[in-house]
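Asker: 3D model of this:
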Amino acid sequence: MNATYLYEEENQSKITLGTPEHAPDWHLKIKFNPISSTPLYEAYNLMLSSFKEGYQWQIDNSARKDNVAFLHAMKSLTDSIATSLDSSNYLSTHQIDEALHELFEFSYDKSSFQNKILQLKSAPPGTLLSNFALMNLNLSSLKAIYAFWLEFAKELRYHWQKKIPLPGIPVTDQPDYNSCIIFQKLQLINFCIERHIERKQNQRLRMMVEKQEEMFSSAAVKRRGALEPVPGLFMLNTGLPIFRPLLQDHKYMTEDMIIEQENILKNTEFKAELQSNSVLSDMQAFKAANYDSAFEDFIRWYSPNDWEDNETGGILSKRMQDPDNLWQQMWKQAEPLSVEQQKPIFNYNLEGEKAMHFLETLPPAHLLEQLIAILTTTIIHNLTHCGGIFSFQSISKLTESMPSIFQRFSNDPVKAYSEFAGVLKKVEHLSSLATSLFHKFPKQARLVECFLGTDEDMISFDEERQSILSLLSSGKGKLPQPDFRKYVIKTVCSRPHFNSPPTPSRFFYSLSAQERIFAWALSSADV
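Answerer: Below you'll find the predicted structure:
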């Protein structure tokens, strides 16, 4: 640190040897010790190394994807990893139990399930899968990661068999197609579990409705698959309330299921038939729940936009009045069949089991390809949302630049992840420096920000001076003796004659315990 006194020419008579702590200008320069440890970068880099191996293996074998030899090689690799548990990097049984307990007993905040910030097939931060990916940072080999995955899959299997909803996996109308296939499969499993629970609850509700019908209905109308009356809707022919029926679950398809179906269903006629099957199933359930109902009753409940109110009560829309209308024809064919009596459109038990099988037999290379994307997304999300030292401009600029890496190298994932790892190392390095500086200079954000950008700064604020004084004086309020003192005297005078033009002159004096140095520079104008 340099403490500087400045004296004006008119005040030269008042020059005294001031103490450093009272100097009006302080210039502080920081010398950082090398940071030898960047644990987040090192852990991420280990996973990246495993990803590179698996990615290269997939490229080398891409020409044989349809061959039996390729599939046999994939199975052999999976089996060898699953059975080779001799590495010291594997989690112990106790560690696995603790990790799984933390994952599945964690109280997930549904509001944290946000859209991802990268063009990566990953998983929303704050979910069960993203937390699992973070735990894999403690593992340093593909074998250890895959062994942990198999234990994770066993816990998924337990939840599936017991029909216990998976925590931290949001169920939406359709899977999140911006997410990786693993996350979509977890959503599918949770959807199937929730539908199983919902169906049991609906069965109890239907039993209550049927008992009430038997007790209070003089006409002894038998309703099958009815849930509850629709407020304000009554059948046109009988005046009885219209009941909402239990409907079949329509297909909840993950991305790979859609691709598979599109490859099978090439023509639009078959697609229209599938849609018709769904409407026909709903018509049958409606007829079973509403005895002696009319087509107009179904339209008023199912498609209100096709019912036009008028003075006489109402009328079907023009498209629904056409005798050749497909819905008119299906209504005539529809039998009063409740959901239990119908052939299932979406068999949630079968589809959930298929999703579990997919996860349990996922090849290691494919697993790591998705895990590193999830881990990358989660790291960026956490760095850009945690605030504190990461809000400093020198750090935030780096974190904000991370998503653009994957846009620039969208066709080269290995290059993209390698570039990201380099930026991550810089962020971790700067965050370590910021943490250290904040510890030494509490509440001095401007000062810390400046030292992160450059290693020196002029100190002009009283609070900053007090913070530095407290650090360097060990709380005594007085700086230690300076290593050396420098005196610089500058003047402008006429030389060599009184009437010569003024020229600058300078005198320098340096004083330390070891030496004294004098130097001067005089100038003159020979005119």
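Asker: Could you report the neighbour count for Q56?
Answerer: 12 (other CB atoms under 10 Å). In this view, the C-beta of every residue, glycine as well, is placed from N, C-alpha and C.
Asker: That should have said G352, apologies.
Answerer: Neighbours of G352 under the rule other CB under 10 Å: 22.
Asker: Then I145?
Answerer: Per other CB under 10 Å, the neighbour tally for I145 reads 25.
Asker: So which residue is dead centre in the protein?
Answerer: P125 (2.6 Å; CA atoms, centre = their mean).
Asker: I figured that one was touching T376, is that so?
Answerer: No. Applying CB atoms under 8 Å as the test, P125 and T376 come out as separate, 10.8 Å apart.
Asker: for the stretch 351-500 of the chain, what spans make up the strands?
Answerer: Across the stretch 351-500 of the chain, reading from the start of the chain, the strands by DSSP state E, counting those that start in this stretch fall at 456-459, 484-494.
Asker: helices or strands next to the last one in the packing?
Answerer: The criterion is 3 or more CB pairs under 8 Å, 6 or more residues apart in numbering; DSSP states H and E, and the helices and strands that strand 484-494 contacts are strand 502-512.
Asker: What strands flank the very next helix or strand once past the strand it packs on, and is each parallel or antiparallel?
Answerer: Read in the C-terminal direction, the helix or strand following strand 502-512 is strand 516-521, with elements assigned using DSSP states H and E. For strand 516-521, the paired strands and their directions (DSSP bridges) read strand 502-512 (antiparallel).
Asker: Which parts of the partner strand count as buried, going by neighbours?
Answerer: Along strand 502-512, these residues count as buried under the neighbour rule (16 or more other CB atoms under 10 Å): S505.
Asker: what's the answer for stretch 337-349, then?
Answerer: Of the residues in stretch 337-349, those scored as buried under the neighbour-count criterion (16+ other CB under 10 Å) are L337, S338, V339, Q342, I345, F346, Y348.
Asker: and if you look at stretch 321-334?
Answerer: Applying a neighbour-count criterion of 16+ other CB under 10 Å, one finds N325, W327, M330, W331, A334 buried in stretch 321-334.
Asker: now stretch 297-313
Answerer: Within stretch 297-313, the residues scored as buried using 16+ other CB under 10 Å are D297, F298, I299, R300, W301, D306, W307.
Asker: which residues sit against whichever helix or strand the third one is part of?
Answerer: When elements are assigned from DSSP H and E, I299 belongs to helix 295-302. Under the criterion CB atoms under 8 Å, 6 or more residues apart in numbering, residues 230, 233, 235-237, 242, 244, 282-283, 286-287, 290, 306-307, 314, 316, 320, 327-328, 331 lie in contact with helix 295-302.
Asker: And stretch 404-418, by the same measure?
Answerer: If you take CB under 8 Å, 6+ apart as the criterion, stretch 404-418 is touched by L48, F51, K52, Y55, L118, Q119, L120, I372, T376, E419, F420, V423.
Asker: For it, what is the distance to the chain centroid?
Answerer: Between the centre of stretch 404-418 and the centre of its chain there are 18 Å (CA atoms, centre = their mean, to the nearest Å).
Asker: Repeat that for stretch 306-325.
Answerer: With CA atoms, centre = their mean, you get 49 Å for stretch 306-325.
Asker: What is the end-to-end distance of it?
Answerer: The first and last residues of stretch 306-325 sit 13 Å apart, counting by CA to CA, to the nearest Å.
Asker: one step back: double-check that the residue nearest to the centre of the chain belongs to a helix.
Answerer: No. Using DSSP: H, G, I helix; E, B strand; the rest coil, the assignment for P125 is coil, not a helix.
Asker: pLDDT wise, what is it at?
Answerer: pLDDT, P125: 89.
Asker: Identify the farthest-apart pair in the buried residues of stretch 297-313.
Answerer: Using CB to CB, the pair of the buried residues of stretch 297-313 lying farthest apart is D297 and D306, separated by 12.4 Å.
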